[in-house]
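K.L.:
the following comprises the amino acid sequence and a computationally predicted model.
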Amino acid sequence: MTEHSPKSDSAPGHENPESDALSHDGRNETPTERLDRNWFDLLQELRVTQTGTQILTGFLLTLAFQQRFATLNATQVNIYLALVVLAAATTALGVTPVALHRALFRKRAMGPLVSMADRLLRATLAGVALILAGTTLFIFDVVAGQTAGIIAGSIAFVITAVLWLIVPVGIRPRIRD
């Protein structure tokens, strides 16, 4: 566990307002425990995302060494290079929370770390969505033509957006006041 501020010793009824604000989901945990739980949840999500990103990046990096790569037109080469840059940037985004944790370990910065890791993970997911759509576009463009690539890439992007943005809105619980 990482170090955080000590638990509040205040009397019942005089709890920390921050603690009260964080207890809306019925869990009996301190703010420090909540930060630890949120950090571990983020790490699990990052592990899954990093694996997918690394597989896509590895796939893209091997393409330049295939015989057929020399037959790509200028547009396909530009799409490929944009995807490699996007994959590298997305991989860096996905690993940054771990690097931040290393730099901030035992510095009592878990709150800002969890907040930043959440933003970085969201940016990583956006990058993964673009890589998925772009890779689909690229493959279809090379195999079946530009029109097929645009259609397939657009479909991949829409499906990803629906699954990652719209489905969660439909299943999240309604919070009553």
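P.N.:
Ah, there it is. Numbering: from 1, shown residues only.

K.L.:
helices along the protein, start to end?
P.N.:
With DSSP state H as the criterion, the chain has helices at 17-22, 31-63, 74-104, 110-144, 146-161, 167-171.

K.L.:
in the last one, which residues are buried?
P.N.:
For helix 167-171, the neighbour count (16 or more other CB atoms under 10 Å) marks no residue as buried. No exception for glycine: its C-beta is placed from N, CA and C like everyone else's.

K.L.:
please apply the same query to the fifth one.
P.N.:
Residues Gly149, Ala152, Gly153, Ala156, Phe157, Thr160 are the ones in helix 146-161 that count as buried (16+ other CB under 10 Å).

K.L.:
would a markdown table of those with pLDDT be doable?
P.N.:
Listed next are those as a markdown table, based on pLDDT from 0 to 100:
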| residue | pLDDT |
| --- | --- |
| Gly149 | 98 |
| Ala152 | 98 |
| Gly153 | 98 |
| Ala156 | 98 |
| Phe157 | 98 |
| Thr160 | 97 |
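
K.L.:
out of those residues, which two sit at the greatest distance?
P.N.:
Across the buried residues of helix 146-161, no pair lies farther apart than Gly149 and Thr160, at 16.3 Å, counting by CB to CB.

K.L.:
Thr30 is in contact with Arg37, correct?
P.N.:
No. Assessed by CB atoms under 8 Å, Arg37 is found out of contact with Thr30, at 10.5 Å.

K.L.:
more neighbours, the two?
P.N.:
Higher neighbour count among Arg37 and Thr30: Thr30, with 19 against 13, using other CB atoms under 10 Å.

K.L.:
distance check, that one against Leu42.
P.N.:
18 Å (CB to CB, to the nearest Å).

K.L.:
on that earlier part again, okay, the buried residues of helix 146-161 in TSV with distance to Thr71 next?
P.N.:
Shown next, in TSV, are the buried residues of helix 146-161 (distance: CB to CB, whole Å):
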residue	distance to Thr71
Gly149	15
Ala152	20
Gly153	20
Ala156	24
Phe157	26
Thr160	29
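
K.L.:
which of these sits closest to Gly134?
P.N.:
Closest to Gly134, out of all of the buried residues of helix 146-161 and judged by CB to CB, is Gly153, at 6.5 Å.

K.L.:
residues contacting the closest residue to that closest one other than its chain neighbours?
P.N.:
Residue nearest to Gly153 in three dimensions, not counting chain neighbours: Leu137, with 2.8 Å by CB to CB, 6 or more residues apart in numbering. Counting by CB atoms under 8 Å, 6 or more residues apart in numbering, Leu137 makes contact with Ile79, Gly149, Ile150, Ala152, Gly153, Ser154, Ala156.
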